Structures are given as C-alpha cells and as structure tokens.
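# Quick one: sequence and predicted model below, then my questions.
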Amino acid sequence: MKFSRSILAATLSSALVLTACSGEDPEEQGVGPAAQTTPSPADDSTETTADTTTDDGATTAGDDTTTDDGATTDDGASTAGDDAAVTDQAATTAGAADDESTTEVAMATDEITAAIPLEEAEEVAETVLTARFQADQGDGEDITDLQRKSMMGNVRTAHEAADQLESVNGEPPQVDLERNPVEPIVLAISKDDGELPMFLLVQTVPEEGSVPLLHLLESRTGESADFRISWEAPMLPGTELPSFERRSVGSPVLRSGSGDLTMAPRDLLKSVASYISYPQPEDVPDYRTHGYAPTVRRAAQNQADAVAGQATLQEKNWLVSEDTKTLLFDDGSAFVMGTLLRDTQFRVNGGSELNPPDTFRVFQDTPVLTQEAVLRTTVFIGMRAPSDQVEFKPEMIAAREQLVDAWGE
C-alpha cells in the first residue's frame, strides 16, 4: 500500500533554519530515503533488509557503493566516526530459519516461550497499524481517537506535531485503506520472561521500491488490546536486520544493564546523541551511520552559517532514558531502539533579529525574535549493537526526525 504521510529517513533540522533579518531564505539541505523493498518473511524467524528484491525473490544488499559516512566535514577533516569502506552485505532471503526449514527433530525440542502466539501477534499488528495509518487520513476528533488507539509517548507526540504542521506542509494524500490495506510483517515477538512490557517488532513496506518502516509495539499491561506503537522509524539505505529468534520461541529482551553487549544500550544511544550535537565534540565514536551523522552535522553547520553575524547556534541532543528498548538477535547482538530530544538554539546577537519560518510560527506565532529561538525535534534511532561474541562497529539501522515544538523571545 502507499502510505499517506511520507516519513523521511532523515528529515533533518536543516529544514528548520530560521530566516535571517535580511529576509533571504537559506538553502535547505537534507537526505531522503532511497527506494527499497523487503520480501515477506517465511513463517517464523525473520530477516529483513532495506534494499531491492531480485526477480528470484532473493533480497540483495544494493549497489556496492561507499556510504556517505566517509565524507569529509566542512573544514576538510575526515569524519572519524563513520565508515568509508564499501558496504559488505551479501544477498539474503527473509525467514531462512522458519518452521518449514527446521527439521522435525529440532521442532520437537523447541519450547514455545513467546509472549503471545504468532497468530495473535499478527492480528494485533494489523489492528494497531491500520489505526495508525488511518490517523493520517482523518480530521479533528477522529484523529485523536485513532492516535489513542495506536500510539503512545513520543510517537504520539510526533504524530500530533506533524498533524499541526499540515497547515504549512499540506495535508497528506488520501488513501483508501480498504482497497489498499496495511500488510504488517511481525519480525519479532518478545520472549515470555515474566516481565512487562511485552513487545512486537513489526515492519510495514509502503509501495514497491519504497522505504521499509519499523514499528515497536508495546503492551505495558500484558493485554493484547493494550499494544501501542512506542517507537517507529524507516530503515536507512544499505541496512538490514539480522534474524531474530523464531517467533514461536520469542526474542529475549534486555531490560537492564548491558548483558553480553559491549556497551549498555543507554550508553550507546547517549554516545550517538553527543556525536550528532553541534558544535561537535572532539572525541567521536567509530560508528557506521550510513550518512546520517555527517548529514546532521552539515545541516547544523549550514544553519550556523545562515545566521552568522546575527546569532550563534548550539544543538544539544539528550536521551529519553525510559524509551530505550532492546531486543536480541539470534546471534547475540542486539537491536537498540530509543528516542532523543534535540534542542536547536539560536542566541541572537545584540542589534540583530531573526524572522522565523512558518513551521516555527505554527508553535509560536511571533514574527520577529530578538533574544533567542529554540526548535525541539524528536529523533527516533535504531542501532545494531555488538556483543562479546559478535564484533562489529555499532551500526545505525533506522532514523526518523520530527519537529515537535518551537519557542523564542
């Protein structure tokens, strides 16, 4: 199906540049997602990739090209924290370890320990994701009710902000969800470990050749009727997810500490937050971000240049700790999902003023700012984290940004 609101892989803060008092609009820079699809998984264990599908059904890793992460920064220094090497991802198919490909002996010894049965998980995913995309279509109280039925926390806040910004960005095209139903794919079900929340990781693929979207559904009560989307983001070009445990068995949830991971999930996301702040810290981590981090830094530099002489720019990102969720892959590495909040602050120099764009004025209708302007963006990040058994550079798999508030004086 074709989703009604485009969710960009990197809707970067460059689109939020304030207009200097000269009235000139700075050029907007940004990166959108490449065209990608993923095949449907087989019955149980799943593997998904953000690349194209060949005629024989095998999922390829895309062209053998270098990532943007190896690009140099504006001052000519190479970005130490990103991978300039050619991406090395072999062709793969989803669901290689499904029920049908597992021997009867192995099946006989498997214990069904998933938090909920697969059939029930698929019904939940269809119900929640349908309501989520219906929320892109309605107006007024209809949207509010659909948001409550499908989203929670920062995902709901981001959707509410996107709805407010329709007055500037335009309304999404209407889609007949009866003729083009949502077809979610359940990638992982959390293992029944006696603790809450329970989780489902679900993928939706828009139209052929588009970006796969990942959604984390969470039930804090353990009831199927209470699942809501607590995190979602599109996969970045050139990325893939390894296989999770078979869905009838369930994927382990790392609820605290670091387990066998080389870094605690919260520490990993905090380091990403620091990495994409501006000015950039001297010490940057050696992560693969598939062009995301360099683009964020360039966007901040472009914004700073646009108001040079009139204001100074500072961007700070911080982690919403309670939003950090971690599901383990079957190889022992992990998919770490979390939410950052970014404040982009312009401090206006004496005798200068800034004219905010229409997107700013949706949240605060002030035509001229003489002291400061602050833009708050919610950033949804998905990282693959290495373990003691599986070593690799931490890799960004998915990212999404949404302006959610703005204020100034």
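That came in fine, so what should we check first?
# contacts for stretch 114-128?
43-44, 149-150, 182, 184, 186, 189-192, 198-200, 202, 217, 222, 224, 227-229, 247-250 (C-beta atoms under 8 Å, 6 or more residues apart in numbering). Every C-beta, even on glycine, is put in place using the N, C-alpha and C of the backbone.
# Got a PyMOL select line for the buried ones in those?
Selection of buried members from these for PyMOL, criterion 16 or more other C-beta atoms under 10 Å:
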select buried, resi 44+149+150+182+184+186+189+190+191+198+199+200+202+217+224+227+228+229+247+248+249+250
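# So which of the contacts of stretch 114-128 sit within strands?
Using DSSP state E, the subset of these located in strands is V186, I189, M198, F199, L200, V202, L217, R228, I229.
# The second one is in contact with P252, isn't it?
So that's I189. No. Counting by C-beta atoms under 8 Å, I189 does not reach P252; the two are 11.2 Å apart.
# which residues do the two both contact?
Counting by C-beta under 8 Å, 6+ apart, no residue touches both I189 and P252.
# who touches the closest residue in space to L200 that isn't next to it in sequence in this structure?
The spatial neighbour of L200 that comes closest, neighbours along the chain excluded (C-beta to C-beta, 6 or more residues apart in numbering), is L217 at 4.2 Å. The contact partners of L217, taken as C-beta under 8 Å, 6+ apart, are V124, A125, V128, F199, L200, L201, V202, F227, R228, I229, S230.
# Let me know the closest of those residues to R266.
Each of the contacts of L217 was scored against R266 by C-beta to C-beta, and S230 proved nearest at 15.8 Å.
# and the closest one, what does it touch?
Contacts of S230 (C-beta under 8 Å, 6+ apart): M151, M152, G153, N154, V155, L216, L217, E218, D323, K325.
# Nearest to V348 among the residues you listed?
Among the contacts of S230, N154 lies closest to V348 (C-beta to C-beta), at 29.1 Å.
# I'd guessed that closest one sits against M337; true?
No. Under the criterion of C-beta under 8 Å, N154 makes no contact with M337, lying 11.4 Å away.
# joint contacts of those two?
Common neighbours of N154 and M337 (C-beta under 8 Å, 6+ apart) are W231, D323, F380.
# okay if I get the residues you listed as a markdown table plus neighbour count, distance to F360 and pLDDT?
Below are the shared contacts of N154 and M337 laid out as a markdown table (neighbours: other C-beta atoms under 10 Å; distance: C-beta to C-beta, whole Å; pLDDT from 0 to 100):
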| residue | neighbour count | distance to F360 | pLDDT |
| --- | --- | --- | --- |
| W231 | 26 | 26 | 99 |
| D323 | 22 | 25 | 96 |
| F380 | 25 | 22 | 99 |
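# Return the set of residues that bridge with P234.
Note on P234: beta-bridge partners by DSSP bridges are L213.
# Kindly provide the distance from it to A399.
The gap separating P234 from A399 is 8 Å, by C-beta to C-beta, to the nearest Å.
# Identify the single longest helix in this structure, thanks.
Assignment by DSSP state H gives helix 118-134 as the longest helix of the chain.
# now that helix: how far from the chain's centre is it?
Distance of helix 118-134 from the chain centroid (C-alpha atoms, centre = their mean, to the nearest Å) equals 19 Å.
# what about that helix, average pLDDT?
The average pLDDT within helix 118-134 is 97.
# can you pull out the helices in this protein?
All helices of the chain, identified by DSSP H, fall at 104-109, 118-134, 141-150, 153-164, 166-169, 265-275, 292-306, 358-363.
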